[in-house]
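Trainee: Show me the folded form of this:
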Amino acid sequence: MTLPAPYYEHAGITIYHGDCREILPGLEPVDLVLTDPPYGIGEDGGQKNRWRTGDGRRKDGPLKYQKMDWDRARPSSDTFAQIMSMGERCAIFGGNHFADLLPPSGGWLFWDKNIGGDFSDGELVYTNFGNAIRKHTVHAFKDLRGGKDRVHPTQKPAEIMTWCIRQADKHFKPHASTILDPYMGSGTTLVAAKQLNRRAIGIEIEEKYCEIAARRLSQEVFDFSAAADGQ
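Mentor: Here you go, the predicted model:
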(Lines give C-alpha, C1' and ligand atoms only; values in the text may rest on other atoms or scores of the structure.)
Protein backbone atom coordinates (compact mmCIF):
# COMPACT_ATOMS: atom_id res chain seq x y z
CA MET A 1 0.00 0.00 0.00
CA THR A 2 1.19 3.53 -0.82
CA LEU A 3 1.07 5.86 2.14
CA PRO A 4 -0.25 9.41 1.75
CA ALA A 5 2.23 12.24 2.00
CA PRO A 6 2.88 13.08 5.66
CA TYR A 7 0.99 16.03 7.04
CA TYR A 8 4.04 16.76 9.20
CA GLU A 9 7.48 15.20 9.27
CA HIS A 10 10.46 16.41 11.27
CA ALA A 11 13.20 14.97 13.49
CA GLY A 12 11.77 11.46 13.55
CA ILE A 13 8.16 12.53 14.22
CA THR A 14 5.57 11.93 11.48
CA ILE A 15 1.86 12.79 11.29
CA TYR A 16 -0.58 11.30 8.79
CA HIS A 17 -3.98 12.85 8.21
CA GLY A 18 -6.55 10.15 7.56
CA ASP A 19 -8.39 7.09 8.85
CA CYS A 20 -6.01 4.83 10.77
CA ARG A 21 -7.72 1.75 9.31
CA GLU A 22 -6.55 2.84 5.87
CA ILE A 23 -3.08 4.03 6.85
CA LEU A 24 -1.95 1.28 9.24
CA PRO A 25 -1.52 -1.38 6.51
CA GLY A 26 1.18 0.77 4.92
CA LEU A 27 3.26 1.13 8.10
CA GLU A 28 5.97 -1.08 9.53
CA PRO A 29 5.42 -2.51 13.04
CA VAL A 30 6.67 -0.40 15.94
CA ASP A 31 7.89 -1.07 19.47
CA LEU A 32 4.95 0.55 21.27
CA VAL A 33 1.41 1.51 20.35
CA LEU A 34 0.23 4.16 22.83
CA THR A 35 -3.19 5.57 22.09
CA ASP A 36 -6.43 7.02 23.45
CA PRO A 37 -9.23 5.86 21.11
CA PRO A 38 -12.78 7.25 21.05
CA TYR A 39 -14.79 5.78 23.93
CA GLY A 40 -18.14 6.23 22.18
CA ILE A 41 -19.51 8.56 24.88
CA GLY A 42 -19.92 11.77 22.85
CA GLU A 43 -16.98 13.59 24.42
CA ASP A 44 -15.86 15.07 21.09
CA GLY A 45 -18.02 18.08 21.91
CA GLY A 46 -16.79 18.28 25.48
CA GLN A 47 -20.15 17.18 26.89
CA LYS A 48 -18.75 17.25 30.42
CA ASN A 49 -18.27 21.01 30.32
CA ARG A 50 -19.73 21.38 33.82
CA TRP A 51 -18.91 19.48 36.99
CA ARG A 52 -19.83 19.37 40.64
CA THR A 53 -17.36 20.76 43.17
CA GLY A 54 -16.69 19.20 46.56
CA ASP A 55 -19.43 21.28 48.22
CA GLY A 56 -22.01 20.19 45.64
CA ARG A 57 -22.09 23.40 43.58
CA ARG A 58 -22.09 23.23 39.79
CA LYS A 59 -19.12 24.87 38.08
CA ASP A 60 -18.45 25.71 34.45
CA GLY A 61 -15.83 23.60 32.78
CA PRO A 62 -12.76 25.21 31.23
CA LEU A 63 -13.82 25.10 27.58
CA LYS A 64 -16.56 24.04 25.21
CA TYR A 65 -15.64 22.31 21.98
CA GLN A 66 -17.01 21.98 18.49
CA LYS A 67 -19.16 18.88 18.06
CA MET A 68 -17.31 16.74 15.50
CA ASP A 69 -18.86 13.26 15.95
CA TRP A 70 -15.57 11.38 16.19
CA ASP A 71 -16.65 10.02 19.60
CA ARG A 72 -20.03 8.68 18.56
CA ALA A 73 -18.86 5.03 18.49
CA ARG A 74 -16.07 2.79 19.74
CA PRO A 75 -13.57 1.19 17.37
CA SER A 76 -14.57 -2.33 16.35
CA SER A 77 -12.87 -5.52 17.52
CA ASP A 78 -11.32 -5.82 14.04
CA THR A 79 -9.87 -2.32 14.35
CA PHE A 80 -8.40 -3.13 17.76
CA ALA A 81 -6.87 -6.31 16.35
CA GLN A 82 -5.34 -4.26 13.53
CA ILE A 83 -3.97 -1.70 15.99
CA MET A 84 -2.50 -4.30 18.34
CA SER A 85 -0.82 -6.13 15.46
CA MET A 86 1.25 -2.99 14.85
CA GLY A 87 3.15 -2.98 18.12
CA GLU A 88 5.19 -5.42 20.16
CA ARG A 89 3.66 -3.70 23.20
CA CYS A 90 0.37 -1.80 23.40
CA ALA A 91 -1.11 0.65 25.91
CA ILE A 92 -4.70 1.75 25.30
CA PHE A 93 -6.38 4.44 27.39
CA GLY A 94 -9.99 3.87 28.41
CA GLY A 95 -9.49 0.12 28.43
CA ASN A 96 -12.55 -0.37 30.62
CA HIS A 97 -14.67 0.89 27.70
CA PHE A 98 -13.19 -1.81 25.45
CA ALA A 99 -12.79 -4.77 27.80
CA ASP A 100 -15.14 -6.88 25.67
CA LEU A 101 -13.07 -6.14 22.54
CA LEU A 102 -9.53 -6.70 23.84
CA PRO A 103 -7.63 -9.84 24.87
CA PRO A 104 -7.52 -10.58 28.62
CA SER A 105 -4.76 -8.80 30.51
CA GLY A 106 -3.65 -8.46 34.11
CA GLY A 107 -1.11 -5.74 33.34
CA TRP A 108 -3.19 -2.60 33.62
CA LEU A 109 -2.00 0.93 34.39
CA PHE A 110 -4.01 3.46 36.40
CA TRP A 111 -3.82 7.21 35.99
CA ASP A 112 -4.93 8.97 39.19
CA LYS A 113 -6.20 12.35 37.92
CA ASN A 114 -6.03 14.02 41.36
CA ILE A 115 -8.86 16.35 40.41
CA GLY A 116 -12.11 15.57 42.29
CA GLY A 117 -15.53 16.99 41.44
CA ASP A 118 -17.67 15.08 38.94
CA PHE A 119 -14.65 13.83 37.02
CA SER A 120 -13.67 10.18 37.31
CA ASP A 121 -10.96 9.57 39.90
CA GLY A 122 -8.75 8.30 37.12
CA GLU A 123 -8.45 6.34 33.89
CA LEU A 124 -7.60 2.72 33.23
CA VAL A 125 -4.97 1.94 30.61
CA TYR A 126 -5.08 -1.54 29.09
CA THR A 127 -1.68 -3.02 28.31
CA ASN A 128 -0.22 -6.30 27.11
CA PHE A 129 2.94 -5.63 29.14
CA GLY A 130 2.36 -8.51 31.55
CA ASN A 131 3.33 -6.25 34.45
CA ALA A 132 1.75 -5.80 37.86
CA ILE A 133 -0.88 -3.05 38.06
CA ARG A 134 0.84 0.32 38.40
CA LYS A 135 -0.48 3.77 39.35
CA HIS A 136 0.72 7.27 38.57
CA THR A 137 -0.75 10.49 39.98
CA VAL A 138 -0.71 13.68 37.95
CA HIS A 139 -3.37 16.39 37.91
CA ALA A 140 -5.58 16.13 34.85
CA PHE A 141 -4.87 19.75 33.92
CA LYS A 142 -1.16 19.85 34.76
CA ASP A 143 0.59 22.44 32.56
CA LEU A 144 -2.80 23.34 31.05
CA ARG A 145 -3.71 26.30 33.31
CA GLY A 146 -6.67 24.56 34.90
CA GLY A 147 -7.78 23.33 31.50
CA LYS A 148 -7.71 26.72 29.76
CA ASP A 149 -4.84 25.61 27.53
CA ARG A 150 -6.56 22.39 26.46
CA VAL A 151 -6.98 22.30 22.70
CA HIS A 152 -8.76 18.93 22.64
CA PRO A 153 -11.65 17.79 24.89
CA THR A 154 -9.86 14.61 25.99
CA GLN A 155 -6.32 16.01 26.04
CA LYS A 156 -4.01 14.47 28.63
CA PRO A 157 -0.89 15.89 30.29
CA ALA A 158 2.32 14.96 28.49
CA GLU A 159 3.61 13.59 31.79
CA ILE A 160 1.10 10.73 31.83
CA MET A 161 2.09 9.71 28.29
CA THR A 162 5.76 9.89 29.27
CA TRP A 163 5.03 7.63 32.25
CA CYS A 164 3.31 5.06 30.00
CA ILE A 165 6.31 5.06 27.66
CA ARG A 166 8.64 4.48 30.58
CA GLN A 167 6.49 1.57 31.76
CA ALA A 168 6.85 0.03 28.30
CA ASP A 169 10.60 0.69 28.39
CA LYS A 170 10.95 -1.99 31.06
CA HIS A 171 10.34 -4.56 28.32
CA PHE A 172 12.91 -3.24 25.83
CA LYS A 173 16.68 -2.87 25.82
CA PRO A 174 17.50 -0.05 25.97
CA HIS A 175 13.98 1.35 25.45
CA ALA A 176 10.99 1.52 23.12
CA SER A 177 12.48 3.52 20.26
CA THR A 178 9.45 3.74 17.93
CA ILE A 179 5.97 4.74 19.10
CA LEU A 180 2.67 4.81 17.22
CA ASP A 181 -0.56 6.64 18.12
CA PRO A 182 -3.32 5.81 15.60
CA TYR A 183 -5.79 8.16 17.37
CA MET A 184 -3.40 11.05 17.80
CA GLY A 185 -5.81 13.87 18.67
CA SER A 186 -3.83 16.98 19.56
CA GLY A 187 -0.53 15.06 19.53
CA THR A 188 0.32 14.63 23.21
CA THR A 189 1.79 11.14 22.66
CA LEU A 190 4.08 12.59 20.00
CA VAL A 191 5.07 15.49 22.25
CA ALA A 192 6.02 12.98 24.97
CA ALA A 193 7.97 10.89 22.44
CA LYS A 194 9.84 13.97 21.25
CA GLN A 195 10.72 14.92 24.82
CA LEU A 196 12.23 11.44 25.24
CA ASN A 197 14.04 11.57 21.89
CA ARG A 198 12.02 8.71 20.38
CA ARG A 199 10.70 8.26 16.87
CA ALA A 200 6.92 8.45 16.65
CA ILE A 201 4.03 8.27 14.19
CA GLY A 202 0.62 9.82 14.73
CA ILE A 203 -2.55 9.30 12.70
CA GLU A 204 -5.53 11.63 13.02
CA ILE A 205 -8.75 11.77 11.01
CA GLU A 206 -9.60 15.41 11.88
CA GLU A 207 -7.36 17.85 10.02
CA LYS A 208 -7.97 20.49 12.69
CA TYR A 209 -6.11 18.34 15.21
CA CYS A 210 -3.33 17.50 12.76
CA GLU A 211 -2.70 21.23 12.45
CA ILE A 212 -2.74 21.70 16.23
CA ALA A 213 -0.38 18.75 16.77
CA ALA A 214 2.04 19.99 14.13
CA ARG A 215 2.06 23.41 15.76
CA ARG A 216 2.66 21.91 19.23
CA LEU A 217 5.56 19.83 17.93
CA SER A 218 7.08 22.80 16.14
CA GLN A 219 6.97 24.83 19.35
CA GLU A 220 8.11 22.03 21.65
CA VAL A 221 11.37 22.80 23.44
CA PHE A 222 13.64 19.77 23.38
CA ASP A 223 14.26 18.46 26.90
CA PHE A 224 17.82 17.10 26.91
CA SER A 225 17.60 15.90 30.52
CA ALA A 226 14.47 13.86 29.79
CA ALA A 227 16.07 12.39 26.68
CA ALA A 228 19.18 11.41 28.54
CA ASP A 229 17.12 9.81 31.27
CA GLY A 230 15.17 7.91 28.61
CA GLN A 231 18.39 6.43 27.23
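Trainee: Could you check the pLDDT of G56?
Mentor: G56 is assigned a predicted lDDT (pLDDT) of 43.
Trainee: centre of the chain versus stretch 75-92, how much separation?
Mentor: 14 Å (Cα atoms, centre = their mean, to the nearest Å).
Trainee: Quick one: end-to-end distance for that stretch.
Mentor: End-to-end span of stretch 75-92 (Cα to Cα, to the nearest Å): 12 Å.
Trainee: Buried ones in that stretch, by neighbour count?
Mentor: Residues of stretch 75-92 classed as buried under the neighbour-count rule (16 or more other Cβ atoms under 10 Å) are 75, 79-80, 82-84, 86-87, 89-92. No exception for glycine: its C-beta is placed from N, CA and C like everyone else's.
Trainee: likewise stretch 163-176?
Mentor: 163-169, 171, 175-176.
Trainee: all strands of the chain, in order?
Mentor: Here the chain has its strands, by DSSP state E, at 8-10, 13-17, 30-35, 50-52, 58-60, 87-93, 109-112, 122-127, 134-137, 178-181, 199-204.
Trainee: As CSV, those strands with distance to D143 would be great.
Mentor: Converted to CSV, the strands of the chain look like this (distance: least, Cβ to Cβ, whole Å):
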stretch, distance to D143
strand 8-10, 22
strand 13-17, 19
strand 30-35, 19
strand 50-52, 20
strand 58-60, 21
strand 87-93, 18
strand 109-112, 15
strand 122-127, 17
strand 134-137, 15
strand 178-181, 19
strand 199-204, 19
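Trainee: Would you tell me which of these gets closest to S218?
Mentor: Smallest distance to S218 across these (Cβ to Cβ): 7.6 Å, for strand 8-10.
Trainee: per-residue pLDDT, the residue nearest to Q82 when sequence neighbours are not counted?
Mentor: Leaving aside its sequence neighbours, Q82 sits nearest to L24 (Cβ to Cβ, 6 or more residues apart in numbering; 5.7 Å). In this model, L24 is scored at 98, pLDDT.
Trainee: I'd assumed F80 was in contact with L24.
Mentor: No - the pair L24 and F80 does not pass the contact test of Cβ atoms under 8 Å, sitting 11.6 Å apart.
Trainee: Which of the buried residues of stretch 163-176 sits closest to K113?
Mentor: W163 (13.0 Å).
Trainee: Just give the nearest non-adjacent residue to that closest one, would you?
Mentor: H136 (4.6 Å).
Trainee: what sits up against stretch 94-103?
Mentor: Stretch 94-103 has contacts (Cβ atoms under 8 Å, 6 or more residues apart in numbering) with 36-37, 39-41, 74-77, 80, 84, 92, 108, 123-126, 128.
Trainee: swap the cut-off to 10 Å and go again
Mentor: Residues outside stretch 94-103 that contact it (Cβ atoms under 10 Å, 6 or more residues apart in numbering): 35-41, 74-81, 83-84, 90, 92, 105, 108-109, 120, 123-128, 154.
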